[in-house]
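Colleague: Need a 3D model of the sequence below.
(2 chains)
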There are 2 protein chains.
Amino acid sequence: MKICVAGTGLTKFGELWDKSFYDLFSEAAEAAIKDAGISKDSLDAVFVGNMLFGKTDGQDHLGALGTTLLGMQAPAFRVEGACASGGLAVHLACQALIAGTYKKVLVVGVEKMTDEKSTKISSALMGAGSEEEREAGATFPALYALMAQAHMGKYGTTREQLASVAVKNHYHASLNEKAQYPMEISVEQVLASPPVSYPFNLLDSSPITDGAAAVVLTSETRKTGVFITASSVATDSVGLSGRASLTELSATRLAFQKAMREAAIKLSDVDVMEVHDCFTIAEIMAVEDLGFCKKGAGGAFIESGACRLGGEIPVNTSGGLKACGHPVGATGVKQIVELSDQIKGKVGKRQVRGAKVGLAQNVGGTGATVVVNVVQG
Amino acid sequence: MKICVAGTGLTKFGELWDKSFYDLFSEAAEAAIKDAGISKDSLDAVFVGNMLFGKTDGQDHLGALGTTLLGMQAPAFRVEGACASGGLAVHLACQALIAGTYKKVLVVGVEKMTDEKSTKISSALMGAGSEEEREAGATFPALYALMAQAHMGKYGTTREQLASVAVKNHYHASLNEKAQYPMEISVEQVLASPPVSYPFNLLDSSPITDGAAAVVLTSETRKTGVFITASSVATDSVGLSGRASLTELSATRLAFQKAMREAAIKLSDVDVMEVHDCFTIAEIMAVEDLGFCKKGAGGAFIESGACRLGGEIPVNTSGGLKACGHPVGATGVKQIVELSDQIKGKVGKRQVRGAKVGLAQNVGGTGATVVVNVVQG
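Modeller: Residues are numbered from 1 along each chain as shown, chains lettered A, B, ... in the order given. Okay, here's the model as predicted:
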């Protein structure tokens, strides 16, 4: 496949109490449309990735809401798959473009999370898990903590290695003016931050974030530009108890293998990655499941600096979910924005030199949905 | 386009207190898979149309939940567009099939509404409307009542004509064992039923329903069978105040015109229709906006018997939303099931003789989203 990323738009990520859901949607959408150099009337369809707005504000029907905000009548869709909503929206938008039904589409991922009490958001987010997990009183920190404990027990992954993920991603975020937490932190600070769910402390955990990201995707057959060359989705059991393993996401492996075949590239072609580091263990499992190191060696691999800017394979140059922020429905779209901007050489101090191939891994729940998108220059 | 409807499945519609959301999903899905004569492992993807389960039960992430229930790892998506969620899921599934990414997909529309107090469901359904409408305390009966009053004022549509829609659809439902209210009613009974929002009484209004519908769609190029030959979506302002007119749904007209072009058929080719009669006025506006009679003449047209089984163009042979029931996320998929079964000659006493071309109109909110699907033998 070859879908052109014709334009990108991104709001600041953070606690944006002076901006509404509607403001965030419009800001990202209009920026992407402007960046694409098109008029909004030339858009054939709008895809919206969002998880929570129906629960927190009562507003569903976000496809038509999006076209209403843009003042247009194009076909419009809301796609939801928990924290993978944005990646899934990109995937389905690509299908409609390949089908030829639409030629130019806008994909907007958006979430407004900080207007609610964090306890209510934590509870709402559990909609990504299973009924049994909710009934057991589990939260996402606790579920990922189970995976981290299993990983530590099986592979000897250390607390410091987990912390090194957050340290790296905060460093990257310090180079990103859109990031929610653009400040460097140390391993010591992570280890001394308040406990959340063992082994995680506060600084192992991605924050609650407001933000929106948008891309204009087209089926144009330009010679130069940035293109999505693969988009692949896989699923696994919604609840952890249905999984074959607690220390890997099989859906990541499945989606990744399909994506590599679709893009006709190999692992060593990948120059830069955005992966779903909702908790520090998630990035460790991601680099393993994507094959960048042996299973179980992810902690040491990241601690070694291999995934830091300037390293072997820079991961989460945006700051990732951890430090750029995690407005859940926006994350999968923001990954495309970051990779596209990397390939265009537009990201300033966090530029990966000569980046041509980017890979995005977007996870829903604890790994029940995984989307892998490949972006190439 | 030519997408094969390889199998269909449908649960009973009604107050199904002994069945869970999970039961309904599985029953419809497994029936469609069995009807298609395939193994579930041959499915390449699952699309789920649902509006409310995240709000009522806290469970989002219904794509992966669906594959979990089916015990498989295929790519999976939840599509939401209020009461048009099912129709939109069908539309996006068709795109993925045309793209060639998937060859066989399952689309399940499902909603479990009667476990909650009806006041909570009415409030949750307002997620299909606009923030202003919610703040004004509007409900869907009230919003459609505004449209009915405008239609009565402008065109002289009568209370009896509105009632005749319900009478006809209850007659059709009396021939459908899956219907929630399979009993005939009279115009007098409609006029004597408890008032809801003038001009609507209880029997002008579609009920709150549990139910699920499923179709297996494939990109096979069979010579014979039933096919979706057009699928078209249009939007309008989410809130009524943003519309050009209160007496028509411009999104119906737009989607219909595109669908006719796509299927390369004309109005007179259509043998049977399922339209979105959430309130009696909605069917009157639908037959007008689809061009089966002059604007404003819909009430008289339906009262004349033209849309009754045996009439010029039978509408809502299933009993429609009014009498078969309206599990909102399921409705757009159920329309495809009914039309496909009509074309296959499988619907017994409510069979439209020689039906070859069916048209489905599925509405989200008060008309902010409209999906028109064409099904042909």
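
Colleague: Could you pull up the contacting residues of residue A:295?
Modeller: For residue A:295, the set of contacting residues under the criterion of Cβ atoms under 8 Å, 6 or more residues apart in numbering or on different chains consists of A:155, A:247-248, A:288-289. (C-beta placed from N, C-alpha, C; glycine too.)

Colleague: Now flag whichever of the residues you listed is closest to residue A:231.
Modeller: Distances from these to residue A:231 were compared by Cβ to Cβ; the smallest belongs to residue A:289, at 17.7 Å.

Colleague: List the buried residues for stretch A:191-211?
Modeller: Of the residues in stretch A:191-211, those buried under the neighbour-count criterion (16 or more other Cβ atoms under 10 Å in any protein chain shown) are A:193, A:196-197, A:199-201, A:203-211.

Colleague: do the same with stretch A:224-243
Modeller: Applying 16+ other Cβ under 10 Å to stretch A:224-243 flags A:225-240, A:243 as buried.

Colleague: likewise stretch A:260-277?
Modeller: By neighbour count, with 16+ other Cβ under 10 Å as the criterion, the buried positions of stretch A:260-277 are A:260, A:262-263, A:265, A:270-277.

Colleague: Any chance of a markdown table for those residues, columns distance to chain B, secondary structure and pLDDT?
Modeller: Listed next are these as a markdown table, based on distance: Cβ to the nearest Cβ, whole Å; DSSP: H, G, I helix; E, B strand; the rest coil; pLDDT from 0 to 100:
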| residue | distance to chain B | secondary structure | pLDDT |
| --- | --- | --- | --- |
| A:260 | 16 | helix | 98 |
| A:262 | 9 | helix | 97 |
| A:263 | 14 | helix | 98 |
| A:265 | 18 | coil | 97 |
| A:270 | 22 | coil | 98 |
| A:271 | 25 | coil | 98 |
| A:272 | 25 | strand | 98 |
| A:273 | 21 | strand | 98 |
| A:274 | 20 | strand | 98 |
| A:275 | 19 | coil | 98 |
| A:276 | 14 | coil | 98 |
| A:277 | 19 | coil | 98 |
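
Colleague: what's the farthest-apart pair in those?
Modeller: A:262 and A:277 (24.2 Å).

Colleague: now, which of the buried residues of stretch A:260-277 sits nearest residue B:69?
Modeller: Looking at those and their distance to residue B:69, the nearest is residue A:276, at 24.0 Å (Cβ to Cβ).

Colleague: Quick check: which element contains the residue nearest to the closest one when sequence neighbours are not counted?
Modeller: For residue A:276, the nearest residue in space outside its immediate sequence neighbours is residue A:363; the separation is 3.9 Å by Cβ to Cβ, 6 or more residues apart in numbering or on different chains. With elements delineated by DSSP states H and E, residue A:363 resides in strand A:357-364, which encompasses its position.

Colleague: Against residue A:36, how distant is residue A:98?
Modeller: Between residue A:98 and residue A:36 the distance is 19 Å, computed by Cβ to Cβ, to the nearest Å.

Colleague: These two: which has the busier surroundings?
Modeller: Taking neighbours as other Cβ atoms under 10 Å in any protein chain shown, residue A:98 and residue A:36 compare with residue A:36 leading, 24 against 20.

Colleague: Would you confirm that that one contacts residue A:220?
Modeller: No - using Cβ atoms under 8 Å, residue A:36 is not in contact with residue A:220, being 10.3 Å away.

Colleague: shared neighbours, the two?
Modeller: Overlap of the contact sets of residue A:36 and residue A:220 (by Cβ under 8 Å, 6+ apart) consists of residue A:6.

Colleague: where exactly do the strands run in the stretch 151-300 of chain A?
Modeller: Secondary structure of the stretch 151-300 of chain A (DSSP state E, counting those that start in this stretch): strands at A:195-197, A:200-201, A:211-218, A:227-235, A:272-274.

Colleague: Who are the contact partners of the residue of the stretch 151-300 of chain A found nearest chain B?
Modeller: Here the residue of the stretch 151-300 of chain A nearest chain B is residue A:233; by Cβ to the nearest Cβ that distance is 3.6 Å. Residue A:233 makes contact with A:87-88, A:91, A:255, A:369-372, B:45, B:75-77 under the criterion Cβ under 8 Å, 6+ apart.

Colleague: out of everything not next to it in sequence, what's closest to residue A:298?
Modeller: The spatial neighbour of residue A:298 that comes closest, neighbours along the chain excluded (Cβ to Cβ, 6+ apart), is residue A:284 at 3.7 Å.

Colleague: ok, now how distant is residue A:223 from residue A:4?
Modeller: Using Cβ to Cβ, one gets 11 Å for the distance from residue A:223 to residue A:4.

Colleague: So those two - more neighbours on which side?
Modeller: More neighbours surround residue A:4 than the other of residue A:223 and residue A:4, with 20 against 4 (other Cβ under 10 Å).

Colleague: Point out the other helices and strands that the helix or strand hosting that one packs with.
Modeller: Counting by DSSP H and E, the secondary-structure element that holds residue A:4 is strand A:3-10. Secondary-structure packing of strand A:3-10 (3 or more Cβ pairs under 8 Å, 6 or more residues apart in numbering or on different chains; DSSP states H and E): helix A:21-36, helix A:85-99, strand A:211-218, strand A:227-235, helix A:328-343.

Colleague: Same list (the ones you listed) but as a markdown table, adding distance to residue A:161.
Modeller: Shown next, in a markdown table, are those (distance: least, Cβ to Cβ, whole Å):
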| stretch | distance to residue A:161 |
| --- | --- |
| helix A:21-36 | 35 |
| helix A:85-99 | 26 |
| strand A:211-218 | 28 |
| strand A:227-235 | 27 |
| helix A:328-343 | 23 |
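
Colleague: Quick check: the closest residue to residue A:269 other than its chain neighbours vs residue B:81, distance?
Modeller: Of all residues beyond its chain neighbours, the one nearest residue A:269 is residue A:357 (5.0 Å), with distances taken as Cβ to Cβ, 6+ apart. With the distance defined as Cβ to Cβ, residue A:357 ends up 35 Å from residue B:81.

Colleague: Distance of the nearest residue to residue A:311 once chain neighbours are set aside relative to residue A:313?
Modeller: By the measure of Cβ to Cβ, 6+ apart, the closest residue to residue A:311 outside its immediate chain neighbours is residue A:305, 5.1 Å from it. Taking Cβ to Cβ as the measure, residue A:305 falls 11 Å from residue A:313.

Colleague: tell me the strands in the stretch 1-150 of chain A, going along the chain?
Modeller: Using DSSP E, counting those that start in this stretch, the strands assigned to the stretch 1-150 of chain A run over residues A:3-10, A:45-49, A:76-80, A:104-111.

Colleague: Any idea which of the ones you listed gets closest to residue B:15?
Modeller: For residue B:15, the closest of the strands of the stretch 1-150 of chain A is strand A:76-80, at 26.8 Å, according to Cβ to Cβ.

Colleague: With that, I have no additional questions.
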